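Asker: please work out how this folds:
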Amino acid sequence: AWGPDEVWLTHETGHIPEPAVEASGPPPIPEPPEGAAATATAEALFQLGKELMDSGQLDQACDKLAASMRAEPAGGTLLNLALCHQHQGKLASAWAEYRKAAELIRATGQHERADEARRLATDLEPKLSKLTVIVAQPVPGMQVTRGGVTIGSGVYGVAVPVDPGVYRIEASAPDHRGWS
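Answerer: Reported below is the predicted structural model:
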């Protein structure tokens, strides 16, 4: 549980200075860094993510790789995030990430590597779980959500790849009883 803790700064020498700040609650999510700081941050997160993945700590690894992508998007990072999600069994996430990684990598002229990312995505396609939301009688103002996220009417009837899990589907409309 989060509680008031001291946050310590360390240096490569191993010296631990006086407490830097008092913290209560979870730390705030910092704004993504810019320029060289973004590159350094992304690289540190990427390396840590790879180490965590190699040691089987997949949840933490995927979090670090995703944070690296937010700091500085890169095709190689996205490939590793896709691999991490694949190992977690999140095949729809991995499939989408392999496809996007192929685009990012192809844009850098690395065609063979992009083809490999595309092949990895294609290999996952027959294994994907899909969810189809069918609205038999749409009414004006109706809103359908999956896990609290609105599903646009253009997606009704479309088999959409999803990661395995339980999804709450809800529908609401003015002057109508809600459904879930």
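Asker: what sits up against the longest helix anywhere in the chain?
Answerer: In the chain, ranked by residue count with DSSP state H as the criterion, the top helix is helix 35-54. If you take Cβ atoms under 8 Å, 6 or more residues apart in numbering as the criterion, helix 35-54 is touched by 32-33, 58, 60-65, 67-69, 71-72, 74, 76-77, 80-81, 83-84, 87. For every residue, glycine as well, the C-beta is placed using N, CA and C.
Asker: can I get the buried part of the residues you listed as one ChimeraX selection?
Answerer: This is the ChimeraX syntax for the buried subset of those, where burial follows 16 or more other Cβ atoms under 10 Å:
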select :58,61,62,63,64,65,67,68,69,71,72,74,76,77,80,81,83,84
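Asker: so which of the contacts of helix 35-54 are in strands?
Answerer: Among the contacts of helix 35-54, DSSP state E puts none in strands.
Asker: narrow the contacts of helix 35-54 to those in helices?
Answerer: Among the contacts of helix 35-54, the ones falling in helices (DSSP H) are 58, 60-65, 67-69, 71, 76-77, 80-81, 83-84, 87.
Asker: verify the stated contact: D163 with W95.
Answerer: No. Using Cβ atoms under 8 Å, D163 is not in contact with W95, being 9.7 Å away.
Asker: higher neighbour count, those two?
Answerer: When neighbours are counted by other Cβ atoms under 10 Å, W95 comes out ahead of the other of D163 and W95, with 23 against 17.
Asker: okay, and the more buried one sits in which element?
Answerer: Element membership for W95, per DSSP states H and E: helix 91-107.
Asker: quick check: buried residues in the longest helix of the chain?
Answerer: Result for helix 35-54 [16+ other Cβ under 10 Å]: buried residues A38, T41, A42, L45, F46, L48, G49, K50, L52, M53.
Asker: what does stretch 114-130 rub up against?
Answerer: With contact meaning Cβ under 8 Å, 6+ apart, stretch 114-130 is reached by 75, 79, 82, 86, 91-92, 94-95, 98-99, 101-103, 105-106, 159-164.
Asker: show me where the chain dips below the pLDDT cut-off.
Answerer: Low-confidence segments of the chain (pLDDT under 70): 1-33.
Asker: please name the residues that touch C62.
Answerer: Taking Cβ under 8 Å, 6+ apart, one finds G49, M53, L81, C84, H85, Q88 in contact with C62.
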